[in-house]
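**Student:** mind looking at a prediction? Sequence and model below.
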Amino acid sequence: MVLFFINILNGISFGMILFLIAIGLSITLGVMGILNLAHGALFMIGGFVGYTLVTHGVNFWLAVLIGGVGAGLVGLIAERVFLSRLYKQFDNQVLLTLGLVYIIQNLSLWIYGGAAKSFSAPVYLKFAVAIGDYRFPAYRLTLIALGAVLLVILWLVIERTKLGSIVRAGMDDKEMAMGLGLNYPLTCSLVFAFGAFVCGLAGVLAAPIIGVVHSMPMEILLYAMIVVIVGGPGSVSGTFLAALVIGIVDSIGKAYFPDFAMFTIYIVFIGVLLIKPAGLMGKKALSG
Amino acid sequence: MTRRTKKNGIAISILSLFWILLVGISFAKDPIVIGHVTDLTGTSAMEGPYFSAAIELAVEEYGGEIAGREIKVIHEDGGSNPTLSVDKARKLVEKDKASVIIGPINAGAASPISGYLKRSGVPHVVMELPPPLFEKNGHVFAHQGTQSGSGYLMGKYVAEDLGYKTATVIHDDVIFAEEFLNGAIKAFEEAGGKIVQRQRTPMNTMDYGPYLSGMKKADVCLFWFVPPHSINFIKSYKEYGFEMPLVLAGLNIITNHFFEALGKDTLGITALSYNDPSIDTPEVKAWVKKWQEKFADKKEISHPAMGMTCAWYVQAKLALEAIKATGGDTSPDALKKALYNMKLDTPWGPVSFKDNGIGIGNAYILQVAEIDGKIGFKQVKKYENIVRTVE
């Protein structure tokens, strides 16, 4: 029973990372209708910025913030210079963002080399908490708490602020929102940059667990896409729920069904698509 | 002489000179082409630049030519992808006329390349391969033998020298890791040891938490992952508070990058290597110095941090010495015969081959320790002239 509980905790901590990765993608897909396949590259940028700062003695939490800002800036530039010209052009968005992934990946390879980089969590979090006969790292418990705090903040912003109401209005009817005089393009740019910022934050927070390496963008993107589609594009609560479900299913699958560990999350993915194509909390299914 | 006659004479002279040059060029010797399939992108990318540099160092020792023929090395990026790697090998053989193929490190790609080269007959000089690919008088020459051989030696050391009775096993779910641990488990059980658990992790695993939570306690943990996964695993292993000694039950992939990334978390890890830059002999030290002098201006590879760098140097030397032994004859049969008769002296001892292409040479057990304030390897045992497979 204790082991089962530990595996649930593993799943929740991994799920929190998935939530932070996927929330930006969910909002930009749901709000702006932009499929940003370079989202995994933004995660990697955050991780590398964090690595550079922490290994040069910068405070870990400051590095988290700066990593987020770095990814946010790259996201903003990508949106303003490229993606804003490709509204409703799904095919071109896919091609463009895939190209960006390859460019960013190869730049990372050139600057940081092919070896995986890693750095440690703050020293005061480098201990394990005893739970029965088992031990669970304190840093992962911190991630769970941080994820919950960020969920509350994001929910408050989307549901309780003017910016959030503009975002929600745009998701429902973009043309009507613009017709009412709302500065929707500016809002979209800010939303895109914010999504990239959160993804960059995730890159730094996750690095003490999964490291950072030039080949990770597509692996991260795959997880993010699964979470977004299972949760429903544009839904903060849906993304959070999906991230937890995927994280826990992945963890339980690895612990109890190791021969099927590669497939467990895809089983959930397929199941949700068959039963509720719009996702757990989504309003409408994605169409091509 | 009229002006017309003069013009005709000049034209005929130019044409004759051109014809002589053409004939001369056609009689010039073709270069010796060595094909190298490596990984400059993808999951095995961190070693790629080192391997190309190791071959370059070896070629330099021959002055860039053998028997009057220029040595031309063509490096192709297999992208850590088996399909792409085979395509590159095909291009090297059929378009570039490579006489021998070296690499890649990724056994998932090296195996199908060997399969293709068997049909073409071109010798394949490689580091390690699974046992089914070796056959008597075949075209494969793996100086580090089979993966199970590396694992077997480590399993034997752990049981007989360290005296451990139980082991928990965890590794990447991939062909070469499977072979490493099969060898280690076989040796461990033959010596009376008991495996309490074996966990295989999918190659797309990012978080090792679920596997570590369920890890059973034993005297020792035998593990093997590709380098990026190894770093994540070792870090998480320490975070979960495990104290079982860690033993890398296969090819050593722990390098300076690990020491930088993990620091003291690497202390005590035991590994096996056939050729490593940290082995403490004058010959190896001299070779490392030669490397550092040659690549001083290339900061990213100025130290041969990758143990497998040395393996690539050995592979290149094997190919080049074989070509030298045949007097520049690069036909497949001549090269194969030369390789089978090879006894190459390397900084890590002599290397030769059995009649099926499996390597024979020394092996070293290394342990991560703090030496003069720096983290590095110390040698704890040496095996001499062993056949690098499970016999």
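**Tutor:** Done, it's in.
**Student:** spell out which residues of the stretch 51-200 of chain A are next to chain B.
**Tutor:** With CB under 8 Å from any CB of the partner chain as the criterion, the stretch 51-200 of chain A meets chain B at residues A:106, A:109, A:113-120, A:126, A:128, A:134-137, A:139-140. (Glycine included, C-beta is placed from N, CA and C.)
**Student:** helix or strand with the lowest mean pLDDT in chain A?
**Tutor:** Least confident helix or strand, chain A: helix A:174-179 with a mean of 66, by mean pLDDT, DSSP states H and E.
**Student:** start and end of stretch B:197-215, how far apart?
**Tutor:** One end of stretch B:197-215 sits 8 Å from the other (CA to CA, to the nearest Å).
**Student:** quick one: buried residues of that stretch?
**Tutor:** B:199-202, B:205-215 (16 or more other CB atoms under 10 Å in any protein chain shown).
**Student:** and B:Ala109, that's in a helix?
**Tutor:** Yes: assigned with DSSP: H, G, I helix; E, B strand; the rest coil, B:Ala109 falls within a helix.
**Student:** distance of the residue nearest to it when sequence neighbours are not counted relative to chain A?
**Tutor:** In space, not counting the residues next to it along the chain, B:Ala109 is nearest to B:Ser85; the distance is 3.6 Å by CB to CB, 6 or more residues apart in numbering or on different chains. B:Ser85 sits at a distance of 16 Å from chain A (criterion: CB to the nearest CB, to the nearest Å).
**Student:** touching, B:Ser85 and B:Ile101? I think so.
**Tutor:** No: assessed by CB atoms under 8 Å, B:Ser85 is found out of contact with B:Ile101, at 10.4 Å.
**Student:** go ahead and confirm B:Arg69 touches B:Tyr62.
**Tutor:** No: using CB under 8 Å, B:Arg69 makes no contact with B:Tyr62, being 10.6 Å away.
**Student:** so who does the most centrally placed residue in chain B touch?
**Tutor:** The centre of chain B sits closest to B:Met127, judged by CA atoms, centre = their mean, with a distance of 4.1 Å. With contact set as CB atoms under 8 Å, 6 or more residues apart in numbering or on different chains, B:Met127 has these partners: B:103, B:105, B:110, B:142-144, B:251, B:308, B:311-312, B:315.
**Student:** and the stretch 51-200 of chain B, which of its residues are near chain A?
**Tutor:** With CB under 8 Å from any CB as the criterion, the stretch 51-200 of chain B meets chain A at residues B:199-200.
**Student:** looking at the contacts of B:Met127, which are in strands?
**Tutor:** Within these, residues falling in strands by DSSP state E are B:142, B:251.
**Student:** mind listing what B:Asn362 touches?
**Tutor:** For B:Asn362, the contact set (CB under 8 Å, 6+ apart) comprises B:274, B:348-350, B:382-386.
**Student:** under the pLDDT cut-off, which ranges of the stretch 1-150 of chain B? List them.
**Tutor:** Within the stretch 1-150 of chain B, the ranges that satisfy pLDDT under 70 run B:1, B:19-28.
**Student:** please repeat the previous calculation with a cut-off of 50.
**Tutor:** B:26-27 (pLDDT under 50).
**Student:** which residue ranges form the helices in it?
**Tutor:** Along the stretch 1-150 of chain B, the stretches classed as helices by DSSP state H, counting those that start in this stretch are B:3-27, B:48-60, B:82-94, B:107-120, B:147-156.
**Student:** again, but for the stretch 51-200 of chain A
**Tutor:** Under DSSP H, counting those that start in this stretch, the stretch 51-200 of chain A gives helices at A:60-81, A:90-112, A:138-160, A:162-172, A:174-179, A:184-210.
**Student:** tell me which residues in the second one are buried?
**Tutor:** Buried residues in helix A:90-112, defined by neighbour count with 16+ other CB under 10 Å: A:93, A:96-97, A:100-101, A:104-105, A:108-109, A:112.
**Student:** swap in the first one?
**Tutor:** For helix A:60-81, the buried set under the neighbour-count rule, 16+ other CB under 10 Å, comprises A:60, A:63-72, A:74-76, A:78-79.
**Student:** same deal with stretch B:150-164?
**Tutor:** Neighbour-count burial for stretch B:150-164, counted by 16+ other CB under 10 Å, picks out B:150-159, B:164.
**Student:** give me the number of residues near B:Glu239?
**Tutor:** 26 (other CB atoms under 10 Å in any protein chain shown).
**Student:** that one and B:Asn232, how far apart?
**Tutor:** Noted for B:Glu239: a distance of 11 Å to B:Asn232, by CB to CB, to the nearest Å.
**Student:** again, but for B:Ala58
**Tutor:** Per CB to CB, B:Ala58 is found 34 Å from B:Asn232.
**Student:** do B:Ser331 as well
**Tutor:** Counting by CB to CB, the gap from B:Ser331 to B:Asn232 is 47 Å.
**Student:** do B:Phe51 as well
**Tutor:** B:Phe51 sits 24 Å away from B:Asn232, going by CB to CB.
**Student:** repeat that for A:Leu186.
**Tutor:** 40 Å.
**Student:** surely A:Ala196 is in contact with A:Leu42?
**Tutor:** Yes: between A:Ala196 and A:Leu42 there is a contact at 4.8 Å, judged by CB under 8 Å.
**Student:** buried residues of stretch B:118-134, list them for me.
**Tutor:** Quick answer for stretch B:118-134 (16+ other CB under 10 Å): B:122-131, B:133-134.
**Student:** quick one: terminal-to-terminal distance for that stretch?
**Tutor:** Here the two ends of stretch B:118-134 are set 11 Å apart, with distance taken as CA to CA.
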